[in-house]
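from the sequence below, what's the structure:
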Amino acid sequence: MVTEYQSLAVNAQIEEASRFMLQSSQRAFPVIREDGHAVGIVMREDILLALRERGEHTPVSQVMRAVSLSVRPEDDLNEAFTKMQQSDSSVLPVEDASGKLVGLLTMENVGEIMMINSARTREGRRSWRPAHA
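Numbering: from 1, shown residues only. Okay, here's the model as predicted:
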């Protein structure tokens, strides 16, 4: 789970998203309401397409992909992966019990988790969450 990320407010513009894109290697930016709940995800390709076709003052809310599914930190890896497949998205928001965004789960994370779990199998430990989560 990615716990260090840039997020965008619902009223943010594509210009801000493009700035975040240049400042990091992040590929997906959650769009959140004031109460911390994720309502959408803006992918790098969405940002580039919006810049090209609509301009930098386009609200991210007009180009975001609505969040239909999310995962919780306590979900097991199979459940999280199934939700990711059902959503047809390479990234899902991770929300706490109150629905507040606490991280992102990406396909890249899933692959890394599988490799780490495979290495840990000898020790009998399996988890998709970081040890401190």
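
contacts and neighbour counts: CA atoms only from here.
OK.

I figured H57 hits N11, correct?
No. Counting by C-alpha atoms under 8 Å, H57 stays clear of N11, with 10.6 Å between them.

could you list every residue that touches the closest residue to A80 other than its chain neighbours?
Distance criterion C-alpha to C-alpha, 6 or more residues apart in numbering; nearest residue to A80, sequence neighbours excluded, is V71 at 6.0 Å. By C-alpha atoms under 8 Å, 6 or more residues apart in numbering, the residues touching V71 are 80, 83, 92-95.

same deal with H37?
H37 is in contact with 95, 99-101, counting by C-alpha under 8 Å, 6+ apart.

my guess is L48 is in a helix, correct?
Yes. Assessed by DSSP: H, G, I helix; E, B strand; the rest coil, L48 belongs to a helix.

now it. Nearest residue, chain neighbours left out?
Using C-alpha to C-alpha, 6+ apart and skipping residues adjacent in sequence, the residue nearest L48 is S18, 7.8 Å away.

hang on, isn't that neighbour packed against I47?
Yes. S18 lies in contact with I47 (C-alpha under 8 Å); the separation is 6.4 Å.

the two: which has the busier surroundings?
Higher neighbour count among S18 and I47: I47, with 26 against 16, using other C-alpha atoms under 10 Å.

per-residue pLDDT, D75?
Predicted confidence (pLDDT) at D75: the value is 89.

number of residues surrounding it?
Using other C-alpha under 10 Å, D75 has 14 neighbouring residues.

mind checking the SS state of it?
coil.

got a list of what it touches?
D75 makes contact with no residue, according to C-alpha under 8 Å, 6+ apart.

quickly find the element holding G40.
Element membership for G40 (DSSP states H and E) is strand 38-43.
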